[in-house]
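# from the sequence below, what's the structure:
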Amino acid sequence: MVTALELTAEQRAFIAGGGSGPQDQTARETASRDGAATRVSQLTRRAEQSTAAAVAPAEPFTSQRLLVPLTTRLQPKTAHLLRRAILQQRLDCRLPATVQEIIEVAVNRWLRDHGFWSEE
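All right, here's what the predicted structure looks like:
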């Protein structure tokens, strides 16, 4: 294994089935330069795109579209009943029909019932 790591690039190419002549070496160097230039060009384009996206958002900010990840744990029976309710809602073509939608409705109702909800 150590001996394989000590091989030169030409020796590794020869073992892999590539030629070891000067023309093959020149072709590999040219391909390597072209590949590097292409990678630099792609990275530059990505950087420009991400900068443009950060400076000018595609659409105006609305809190209705922004979703914040929230993780919680439920008791097994509650999780089972929630999955069953989702399947039944989907079969009946009724809304809410996803975990996110059901939890959003339930939490909003609880917040409203306990005085934490404000219509801003």
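# now stretch 68-82: mean pLDDT?
Across stretch 68-82, the average pLDDT comes to 95.
# quick one: contacts of it?
Applying CB atoms under 8 Å, 6 or more residues apart in numbering, the contact partners of stretch 68-82 are V99, I102. The C-beta positions use only the backbone N, C-alpha and C, and glycine is treated the same way.
# next, the distance between the ends of that stretch.
21 Å (CA to CA, to the nearest Å).
# got the domain boundaries for this structure?
Residue ranges for the domains of the chain, per automatic domain parsing: 2-55, 76-113.
# any idea how far apart the tips of the last one sit?
This stretch, domain 76-113, spans 26 Å end to end (CA to CA).
# mind listing what's buried in that domain?
Of all the residues in domain 76-113, those buried under the rule 16 or more other CB atoms under 10 Å are I86, Q89, A97, I102.
# could you list the low-pLDDT ranges of this protein?
1-5, 18-64, 120 (pLDDT under 70).
# switch to 80 and redo it
1-65, 118-120 (pLDDT under 80).
# ok, which stretches of it are helices?
2-5, 9-15, 22-55, 76-91, 99-113 (DSSP state H).
# grab the nearest non-local neighbour of E101.
Once flanking residues are discounted, E101 sits nearest to L95: 6.6 Å by CB to CB, 6 or more residues apart in numbering.
# again with I102
Per CB to CB, 6+ apart, closest to I102 is P96, 4.7 Å.
# that neighbour contacts E104, correct?
Yes. If you go by CB atoms under 8 Å, P96 and E104 touch, sitting 7.4 Å apart.
# overlap in contacts, these two.
Counting by CB under 8 Å, 6+ apart, P96 and E104 have no common neighbour.
# contacting residues for L67?
L67 sits next to Q100 when contact means CB under 8 Å, 6+ apart.
# change the start of the numbering to 280 and stick with it
Shifting the count to begin at 280 puts that one at L346.
# circling back to that earlier point, any chance of the buried residues of domain 355-392 in a markdown table, plus distance to P355?
Formatted as a markdown table, those follow (distance: CB to CB, whole Å):
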| residue | distance to P355 |
| --- | --- |
| I365 | 16 |
| Q368 | 20 |
| A376 | 22 |
| I381 | 17 |
